[in-house]
Every structure is written in structure tokens, then in C-alpha cells.
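*Asks:* Fold the following for me, if possible:
(2 chains)
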Amino acid sequence: MHPSSPQFSGRLARDDFSHLLIALKQAGYQILGPVVRDGAITWGEIAKVDDLPIGWHDHQQPGQYRLEQKGTQRFFDVVHGPESLKRETFVLREPLLTIERRNKSFSVQPVLPQSTPTAMLGVRACDLAALTIQDRIFLHDQFSDPYYKTRRESLFLIAVNCTRALETCFCASMDTGPKAKSGFDLVLTEDDEDFILEAGSPAGDEIFQKLPLAPVSDARLKQDNNRIEACAASQTRKIDASRLPEILYEAYDHSRWDEVANRCLACTNCTMVCPTCFCHAVEEQPELTQQKSEHTRVWDSCFTPDHGYIHGKNFRPTIKDRYRMWLTHKLGTWVDQFGMSGCVGCGRCITWCPVGIDLTEEIHILCNQPDRAKNK
Amino acid sequence: MISNPYLIHPATIIEKRQETSNIVSFRLQLTDPDVRQQFCFQAGQFNMLYAFGVGEVAISIVSDPDEPEYLDHTIRIVGRTTQVMGHMNIGDSLGIRGAFGKGWPMEEAKEKDVLVITGGLGCAPVVGAIEYMFRRREQYGRIKILHGVKAPHDLLYRERFDAWRNHPNTEVYLTSDEPGKTWHYHVGVVTELFDQIDLDPGRTLVMMCGPEIMMRVSMSVLTHRGLGPDQMYASLERHMECGIGLCGHCQLGPFFLCKDGPVMRYDHVIPFLGKGGM
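*Replies:* This is a model prediction of the structure:
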């Protein structure tokens, strides 16, 4: 049977949406979803339908993020905020160990996170793709990270297919969206009056079975698909990945790096909002008594002066070095390292860059514009 | 001990030796007998050493892979963490995570002549490999050891170099950038020693560790002497923090030097060495 055939899909009336929240709560999940806070969308607790960003739209452009109340009934017209799923799996601060002094030695206790079953409501296809990438890094490399693993396994993912693209979106060209293809427990497509739901896992099916769903016609499924395809077609930004990663290695000396370095503030925003960036540092925080110390993992960024620093030498001393490192890694060496690109086309780095640096533009110029400096 | 790669294991300092004014060697023994028994490493690998309440640093293992119950590390006091370590004494405890990275190609080097080129503290990561070969002397061809220091008082492991000199089919050459009253060896940079040695390019494997500029110049000179880039290995240094290819700091092109290195074959890293900003 085809997964999109009506047997696996169900229509949930808008007025019945609370049944989904109830079913999730009864199954033991805390529910996090998009909420409006301080003029942006962030993940927050969804106790009732009204907690969702009903009627809100987001407008994103290079260096700009604005929410607008449209007065509609829609729950999921805001595409995304600065936070991806990363904050639930590879968290900003993760205590790894507590270390206690014992005479002249010390004892070490791992601090594994509490596993709280959490339903993430409203996950976008780009962020599911990013989660797959982070799984590859944290779970399926030489070692499996027990902290990430515990958090990852507690997630129940409810995806939302995008029917509205932002100016900064380019998931279609990265082949990660706007339709959520895999990696979710439930997926829904929103329309004015209702939602079409599909289960993507046994856990998702359990919830699916508890909902007051009506049958869905093939015509409706086709109509939804057309809306998703139109969303893809409406994306104006794109990355031509056909010559990556080689083109980035060849572009090492390109004069464009100097131009972008003149604008880049090395503020680290792009790496903080990126759903796949995984650099981290370990901080040691001893108590004042020096009897106990906490060993904590915190997000780091390749834009910080410390990132390439080693006893008296900085291997990447300039902003130019660091921007080149970031972009070359994200779209180039990442492929060599993990067999996949590090970019999912969510566009967050474009929106949240305070000076509006657009990586799609940078890649386009590096790939297609001959180096003026070289031709002099 | 690998189920949680972040777990730090206490180890007791059982010997301490002040090598120079700012270099100290420790012999460590893991405190937990089970951990000690499971611990193994290869020549050229490194450990993350931890000082209580301060943090971790990546330090290569100097000692013999055949005796993993003792772990020797030579540390240059250069930063906050190593400064604290330098003040520690016999009976104190350090923490260990490891062993990490890829070591020297001891199998590939078998039946071959081995040319070791080191500079300064760069001799430390190769000591384990040299001792390994001497314990299996018949399995390796001619061994030539070239080592350079900035000044005579920077020479570490003097008695080791003297002992190696006495092995059959082995040559040891020392040089110092600066002359000194008690320095009876060459004065100049390490590449000047290349004129003194004869090489059989067809059967030589090179192991190198030291300042990157020294290694790059050496590799270029050796290329002119007929060695291919796939015959030369270098132990490279970058900011290593996690040891498992996760924290991102030690990247050099597509490589995580903590995981794919620190020992890298020259032809794999040629495009990335000597370029600023990598």
C-alpha cells in the first residue's frame, strides 16, 4: 500500500485539534510547540490550543525577522524562529560530569540528563533533516554520545508540511523540504478548516488511532501536495550543490572572502541558530571551596577567537579565516566528514545575521564569479 | 571505558621528572584496576589529561604501548592547565581520557628503513614508536633519528638518544640552532642534517613531529631526494578538546586531527598545510 493512500491519512477538524494535545498528554508527553515570545517564535509549552501562534505570520529577510498578526485561524503559518530542534538534543549547556575531591585524588560521576518524553509539535522538514545530520554526528560516528542519545530518544516529533515559504528559505534546492519525508512520528498538513494527519512510526500510529479522524479523499491529498509543491516553487533562494564541495576548496584564495570578512562581525549568530552546527567547548566550574567541580559542555562557534587557538598560536586569526572555515565546512568538508551536506536550507543564518550576510549569495559568487583579484 | 567517552579516570602520579625549566614528565598509573587493565594504546596516540577544577589538555603518550599500565607524558608548561599540572607531585592525581587518535604506521614501517625527524618537544610523540621498533629490531631496517632543538638546554631525553645510538644499524643526529659549550653536535637547523645521511628512497618511511614549518621544509627536501608523499607521516597539532571528533576545534580541511590524526600521511594533508588560516 502506498503510504499516502487514505488508509494512513486522516482528517482532523480544526475544532478537534485539542484531541491531539489530550492524546499526547495521556501518552505521557510534555508538549512543546511554537509560541510567540518577545516578538519572535520560540519553543514553549503547549497546554491548550490557544498557546499556539494562531493567526501569526513571520517575515524573514537578510538581517530581519518580523511577526505579523493576520487575524486568521491558522495555527502553523509561522515557519520558524531562531531555535531548531538542536536545543532539545544538543543543548546549549550540558553538564557532563561532577568531580569531587577525595583526599589527593577525586571521584567522577557522569551527569546523564533526565529523560522526559517530549512531543515537539510543528517541526519543519528542514529541521527534521538537520536532526538526521546531528544523529549522524552524535550517534553514528566513532562513539555514540550518551547525553545526546538520552535526549534524542525522548522526542516524539510532529512535523508540519510547509505550504508557505519565507524569503530566506531554500530547502527545495537542498532537497530537505518543504515536505517532511521521513523521521517524524506524525505529520500534518494544515488547511483553513482542518488538518490532514499521517503517522510515520508505531509511536505515531498509537496517537493517530486515538484521534477523531475522518477519511481523506485522494483529491484532497493531491491538493495538499500541490500546495506543498507550490511552496517549493515559490522559493527564490537556492544553492547549486552540483559543484560542491570541490568548488569551495578551489575558492580558498578567492577575493570574495575579503569582502565578506569586511561585513562579518564574527558575532557567532549564524552558528548559534544553525540547526546542524555542533562545535562545543567544555567548561570547568569549580566551587569556591575547591571540593567539587562541574564539567559542562557548552556551544562554541568557529567564529570565536579561541576556536583555533593553541598555546600562543591562533590558526584562524582573522574573521576572513573564520568565515571561510565556516562556509567551507558547512557546504564542503562536512560532505567529506559525514557523507552529507551540513546545510539544510532553513535560512536561519541569513535572517539572524545582523548584517544580512547571505550564504546562498556567497556560494553563488564563489562558484560563478571569476576572481577579480586573480585576473588583475 | 568507551561507553561514555567524556568520562575522566583518575590516575596517580608515580614519578615526576623536571626535564627543563618549563617541561615536566609524569609517569601515571590509572587508579581503578579495571580501567587500568582495559586501557591500551598505540604509539603516537594521545590522552586528554585533566587537572581537578581546571580542565583538560591533549598530551601524547610517550611510554611503551606494551606496558599500558604505566602512562608517561611530557608536558610543556604553557597555559593555565599545564601550569597547574607542573606544580603537581608524586602521589597527586591527574585525570585521563583516552587513548585517542591514530598513531604511527608501525606495521607499514616493517622491513623498511625508518627516518625519524623531530624538533623540540616534537620528539615526545615519536619516542614510543622508536622504542617499539628497538624491541623488534630485526623487523625494521636502518633507523635514522634526526632531532633539532633551539638551544642545547632544550634537549630532552638525552640518555634515550645516547642509548639509541648504541643500537645496531642505527644513526642518531642532533642539532641545535644555537651553539653551547657542552654541545658537541651539529649547530644549525634540522634540515642541514639531511646532507649527512644517505637514504634509500625506495624503502624509506619517514616519521616527523615538530614545528609545522620544520616539517614542511623537511618534506620538500625529502621530496627532492626522491621520497614520495605517501612515504612520509607527520604528527600534527591543533586545538584538541574532545578527542573524539565532536567538538570541531581541531579541523584541518576535511580532517578532525584528534580522530583522523594526529599522525597523518603527508599526501593527505598537502593541500592544507602552509596555507594561512586553516
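*Asks:* got the residue ranges for the strands in the stretch 51-200 of chain B?
*Replies:* B:55-60, B:71-76, B:93-100, B:113-119, B:143-149, B:170-176, B:186-187 (DSSP state E, counting those that start in this stretch).
*Asks:* Please apply the same query to the stretch 101-250 of chain A.
*Replies:* A:105-110, A:118-123, A:155-160, A:186-190, A:194-199.
*Asks:* Give me every residue in the stretch 251-376 of chain A lying close to chain B.
*Replies:* Contact residues (Cβ under 8 Å from any Cβ of the partner chain) of the stretch 251-376 of chain A with chain B: A:252, A:278-282, A:284, A:286, A:290, A:293, A:295, A:297, A:300, A:302, A:306-312, A:315-318, A:320-321, A:324-325, A:329, A:332-333, A:336-337. Glycine gets a C-beta too; all of them are placed from N, C-alpha and C.
*Asks:* are any of those residues buried, and which?
*Replies:* A:252, A:278-282, A:284, A:286, A:293, A:295, A:297, A:300, A:302, A:307-310, A:315-316, A:320-321, A:324-325, A:329, A:332-333, A:337 (16 or more other Cβ atoms under 10 Å in any protein chain shown).
*Asks:* hmm, back to that, could I get the strands of the stretch 101-250 of chain A as a markdown table with mean pLDDT?
*Replies:* Output for these, formatted as a markdown table (pLDDT from 0 to 100):
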| stretch | mean pLDDT |
| --- | --- |
| strand A:105-110 | 96 |
| strand A:118-123 | 98 |
| strand A:155-160 | 98 |
| strand A:186-190 | 98 |
| strand A:194-199 | 97 |
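*Asks:* out of those, which comes closest to chain B?
*Replies:* Closest of those to chain B is strand A:105-110, at 3.9 Å (criterion: Cβ to the nearest Cβ).
*Asks:* got the CA positions of that closest one in CSV?
*Replies:* Taking C-alpha atoms only, strand A:105-110 is exported to CSV below (Å, rounded to 0.1, in the frame of the first residue of the first chain):
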residue,chain,number,x,y,z
SER,A,105,42.5,12.3,44.2
PHE,A,106,39.0,12.8,43.0
SER,A,107,35.9,10.8,42.1
VAL,A,108,34.0,11.3,38.8
GLN,A,109,30.2,11.0,38.3
PRO,A,110,28.6,11.3,34.9
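*Asks:* quick one: is it near chain B?
*Replies:* Yes. Using Cβ under 8 Å from any Cβ, we find that strand A:105-110 touches chain B at A:105-108, A:110.
*Asks:* if we can go back for a sec, tabulate the strands of the stretch 51-200 of chain B (JSON lines), appending distance to residue B:16.
*Replies:* Below are the strands of the stretch 51-200 of chain B laid out as JSON lines (distance: least, Cβ to Cβ, whole Å):
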{"stretch": "strand B:55-60", "distance to residue B:16": "14"}
{"stretch": "strand B:71-76", "distance to residue B:16": "11"}
{"stretch": "strand B:93-100", "distance to residue B:16": "11"}
{"stretch": "strand B:113-119", "distance to residue B:16": "23"}
{"stretch": "strand B:143-149", "distance to residue B:16": "22"}
{"stretch": "strand B:170-176", "distance to residue B:16": "25"}
{"stretch": "strand B:186-187", "distance to residue B:16": "31"}
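*Asks:* Residue B:238 is nearest to which of these?
*Replies:* Proximity to residue B:238, assessed across the strands of the stretch 51-200 of chain B by Cβ to Cβ, is greatest for strand B:55-60 (9.2 Å).
*Asks:* Need the residues that contact that closest one.
*Replies:* By Cβ atoms under 8 Å, 6 or more residues apart in numbering or on different chains, the residues outside strand B:55-60 that reach it are A:282, A:284, B:8, B:44-50, B:73-75, B:79-82, B:85, B:95, B:97, B:100, B:124-125, B:235, B:240-241, B:243, B:258, B:262.
*Asks:* Just the buried subset of those residues, please.
*Replies:* Judged by 16+ other Cβ under 10 Å, buried ones among these: A:282, A:284, B:8, B:44-50, B:73-75, B:79, B:81-82, B:85, B:95, B:97, B:100, B:124-125, B:235, B:240-241, B:243, B:258, B:262.
*Asks:* pLDDT below threshold where in the chain?
*Replies:* No chain specified, so I'll use chain A. A:1-7, A:372-376 (pLDDT under 70).
*Asks:* You answered for a different chain; I wanted chain B.
*Replies:* Applying pLDDT under 70 to chain B flags residues B:1-2.
*Asks:* mind listing what the spatially closest residue to residue A:210 that is not a sequence neighbour touches?
*Replies:* Spatial nearest neighbour of residue A:210, excluding adjacent residues (Cβ to Cβ, 6 or more residues apart in numbering or on different chains): residue A:23 at 4.4 Å. Residues in contact with residue A:23 (Cβ under 8 Å, 6+ apart) are A:207, A:210-211.
*Asks:* So which of the residues you listed is surrounded by the most neighbours?
*Replies:* Ranked by the number of neighbours (other Cβ atoms under 10 Å in any protein chain shown), the contacts of residue A:23 place residue A:207 first, at 23 neighbours.
*Asks:* That one and residue A:188 touch, don't they?
*Replies:* No. Checked against Cβ atoms under 8 Å, the pair residue A:207 and residue A:188 is beyond contact range at 11.4 Å.
*Asks:* Just list the residues touching residue 219, thanks.
*Replies:* Going with chain A. Taking Cβ under 8 Å, 6+ apart, one finds nothing in contact with residue A:219.
*Asks:* you looked at the wrong chain, it should be chain B
*Replies:* B:206, B:208, B:229, B:232, B:234, B:266.
*Asks:* Contact partners for the last one?
*Replies:* It stands for residue B:266. B:219, B:229-230, B:232-234.
*Asks:* With mean neighbour count and distance to residue A:74 as added columns, please give the strands of the stretch 101-250 of chain A in a markdown table.
*Replies:* A markdown table is the format used below for these (neighbours: other Cβ atoms under 10 Å in any protein chain shown; distance: least, Cβ to Cβ, whole Å):
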| stretch | mean neighbour count | distance to residue A:74 |
| --- | --- | --- |
| strand A:105-110 | 16 | 44 |
| strand A:118-123 | 25 | 12 |
| strand A:155-160 | 24 | 11 |
| strand A:186-190 | 25 | 6 |
| strand A:194-199 | 21 | 10 |
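*Asks:* how far away is residue A:363 from residue A:172?
*Replies:* From residue A:363 across to residue A:172, the span is 15 Å (Cβ to Cβ, to the nearest Å).
*Asks:* Identify the farthest-apart pair in the contacts of residue B:219.
*Replies:* B:208 and B:229 (12.0 Å).
*Asks:* more crowded one of those two?
*Replies:* Neighbours were counted for residue B:208 and for residue B:229 using other Cβ under 10 Å; residue B:208 has more, 27 against 15.
*Asks:* Residues contacting the helix or strand that contains the more buried one, please?
*Replies:* Assigned by DSSP states H and E, residue B:208 belongs to strand B:204-209. Applying Cβ under 8 Å, 6+ apart, the external contacts of strand B:204-209 come out as B:104-105, B:108-109, B:112-119, B:122-126, B:129, B:215, B:218-219, B:222, B:227, B:231-235, B:263.
*Asks:* Would you point out the most distant pair within the contacts of residue B:266?
*Replies:* Largest separation among those by Cβ to Cβ: B:230 and B:234, giving 12.5 Å.
*Asks:* other SSEs contacting the host helix or strand of residue A:323?
*Replies:* Residue A:323 is located in helix A:319-328, with elements delineated by DSSP H and E. Counting contacts by 3 or more Cβ pairs under 8 Å, 6 or more residues apart in numbering or on different chains; DSSP states H and E, helix A:319-328 packs against helix A:246-250, helix A:256-263, helix A:359-368.
*Asks:* Run the chain-centre distance for the helix or strand containing residue A:21.
*Replies:* Assigned by DSSP H and E, residue A:21 belongs to helix A:17-26. Distance, stretch centre to chain centre, for helix A:17-26: 25 Å (Cα atoms, centre = their mean, to the nearest Å).
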